[in-house]
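sequence first, predicted model second:
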2 protein chains.
Amino acid sequence: MRFSEKKIATILRQHGYKFTPQRRIVIQTVASSQDHLTAAAIYERVHQEHPNIGLVTIYRTLDILAKLGLICELHAGGSCRSYTTGASEHHHHLICSNCGKVIDFSGYDLSQLEQRLSLETGFDIEDHLLEFIGLCQACQKEVR
Amino acid sequence: MRFSEKKIATILRQHGYKFTPQRRIVIQTVASSQDHLTAAAIYERVHQEHPNIGLVTIYRTLDILAKLGLICELHAGGSCRSYTTGASEHHHHLICSNCGKVIDFSGYDLSQLEQRLSLETGFDIEDHLLEFIGLCQACQKEVR
DNA sequence: TATTAAATGATAATAATTTTCAATTACAAC
DNA sequence: GTTGTAATTGAAAATTATTATCATTTAATA
């Protein structure tokens, strides 16, 4: 993952947030998986070891981490967000519309387009989202 | 808008869907606005003139139209989809994270990247989503 | 015009997320 | 190290967004 735990703690504090044990655990959980996890999935995992940590705390922590850019938020087709630190360098997604599998890819640069848009519209662009949606190989067979 | 009402009716029928008065009204409503509208917003507008059309019908119609590519679905930050026919040519979005304003832009071609990803991963890519998130000019002032 | 599969509206159900609030806790200042 | 304070927590309830169910109606072919 891109940021050490210590670094994350510092960034949190710099923004007036506390670095609580609960938050540490959420961060570790997200970091320990390669996949994108939904809040519910993270909760499940956390809950096994720490049954007293509530789902709401998960939501709140993910919100903050995403806002600070420490984890990456994905808005796949449905109405459910998921999160990863994975290779938390900036990357993009390829999502299977059937099984929900996510493949990350990077190395595609959008900064020129971003600059153009910024100039044309006066927007202060903070982030972007590039996602391709399709069928993974396994699901291509399954669906026919 | 890109498709005439007649064309849409034909496409619906070709896919085994009926072209009902309710659907016609939903289509007209979406087409009559430049903005991206949520299902709820569309319902509100429809409801004024046609109080007997239910929200569920709106959802169902939007689903079908989006599936057939007749309208464009947007997954902005929150957990809420919105729809537009606007300049229903393929386009991308610039979204204000504060007020939700959406600016469409087009003329950016991703087909080469799409082809590369398709080859590399074996995915059958059906669609993509490119969204920039930031603050519009008005909100930049407001936020500070 | 009759037939039939698809669509509708109402209601209920589910899913995802947010709010509220009293109790607790991290951490900066002393 | 103690302390004060603002931030955080967990539980429960509330909202929001969306989907399923089902009896009734209707569009579109034959």
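That came in fine, so what should we check first? Numbering: from 1, shown residues only, chains lettered A, B, ... in the order given.

and the nearest residue in space to A:Glu114 that is not next to it in sequence, its phi and psi?
In space, and not counting its chain neighbours, A:Glu114 is closest to A:Ile125: 5.3 Å by CB to CB, 6 or more residues apart in numbering or on different chains. To be clear about C-beta, it is placed using only N, CA and C from the backbone, and glycine gets the same treatment. When read as degrees, to the nearest 10, the backbone of A:Ile125 gives phi -80, psi 130.

does A:Ile125 touch B:Cys136 like I think?
No: A:Ile125 is beyond contact range of B:Cys136, at 10.3 Å (criterion: CB atoms under 8 Å).

one step back: state the number of residues packed around the residue nearest to A:Glu114.
Number of residues near A:Ile125 (other CB atoms under 10 Å in any protein chain shown) recorded here: 20.

enumerate every residue touching it.
By CB atoms under 8 Å, 6 or more residues apart in numbering or on different chains, A:Ile125 lies in contact with A:114, A:117-118, B:94, B:132-134.

and the gap between it and DNA strand D?
Counting by CB to the nearest atom of the strand, to the nearest Å, the gap from A:Ile125 to DNA strand D is 24 Å.

ramachandran angles for A:Gln140?
Phi and psi for A:Gln140, reported as degrees, to the nearest 10, are phi -60, psi -40.

domain map for chain A?
By the record's domain assignment, chain A is partitioned as A:1-87, A:90-144 (automatic domain parsing).

what does chain A have sitting close to chain B?
Neighbours of chain B within chain A, by CB under 8 Å from any CB of the partner chain: A:75-77, A:79-81, A:94, A:96-97, A:103, A:105, A:108, A:113-114, A:117-118, A:120-137, A:140.

look up how far B:Ala31 lies from the closest residue in space to A:Asp124 that isn't next to it in sequence.
With CB to CB, 6+ apart as the criterion, A:Asp124 has its nearest non-adjacent residue at 4.5 Å, and that residue is B:Leu135. B:Leu135 sits 29 Å away from B:Ala31 when distances are taken as CB to CB, to the nearest Å.

more crowded one of these two?
For B:Leu135 versus B:Ala31, neighbours defined as other CB under 10 Å are more numerous around B:Leu135 (21 against 18).

how about A:His15, what does it touch?
A:Leu68.

at 10 Å what do you get?
Going by CB atoms under 10 Å, 6 or more residues apart in numbering or on different chains, A:His15 touches A:64, A:67-68.

let's verify A:Leu94: helix, strand, or coil?
strand (DSSP: H, G, I helix; E, B strand; the rest coil).

tell me the pLDDT at it?
On the pLDDT scale, A:Leu94 is placed at 88.

ok, now A:Ile58?
We have a pLDDT of 97 for A:Ile58.

got it, and A:Ser79?
Per the predicted model, pLDDT is 57 at A:Ser79.

what does A:Ser33 give?
Note for A:Ser33: predicted pLDDT of 88.

repeat that for A:Ala87.
54.

and what of A:Glu142?
67.

same question for the longest helix anywhere in chain A: list its buried residues.
Criterion DSSP state H: the longest helix present in chain A is helix A:55-67. In terms of neighbour count (16 or more other CB atoms under 10 Å in any protein chain shown), helix A:55-67 has its buried residues at A:57-62, A:64-66.

likewise for stretch A:129-144?
Buried residues in stretch A:129-144, counting neighbours by 16+ other CB under 10 Å, are found at A:129-136, A:139.

return the closest of the residues you listed with respect to DNA strand D.
Distances from DNA strand D to those, taken as CB to the nearest atom of the strand, are shortest for A:Ile133 (14.8 Å).

so that closest one makes contact with B:Asp127?
Yes: between A:Ile133 and B:Asp127 there is a contact at 4.7 Å, judged by CB atoms under 10 Å.

residue ranges in chain A under the pLDDT threshold?
Scanning chain A for pLDDT under 70 picks out A:1, A:76-80, A:86-89, A:142-144.

would you map the strands across it?
A:37-38, A:72-75, A:81-84, A:92-96, A:102-105, A:124-135 (DSSP state E).

can you put these in a markdown table and add distance to A:Asn52?
Conversion of the strands of chain A to a markdown table gives the following (distance: least, CB to CB, whole Å):
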| stretch | distance to A:Asn52 |
| --- | --- |
| strand A:37-38 | 20 |
| strand A:72-75 | 26 |
| strand A:81-84 | 22 |
| strand A:92-96 | 33 |
| strand A:102-105 | 30 |
| strand A:124-135 | 34 |
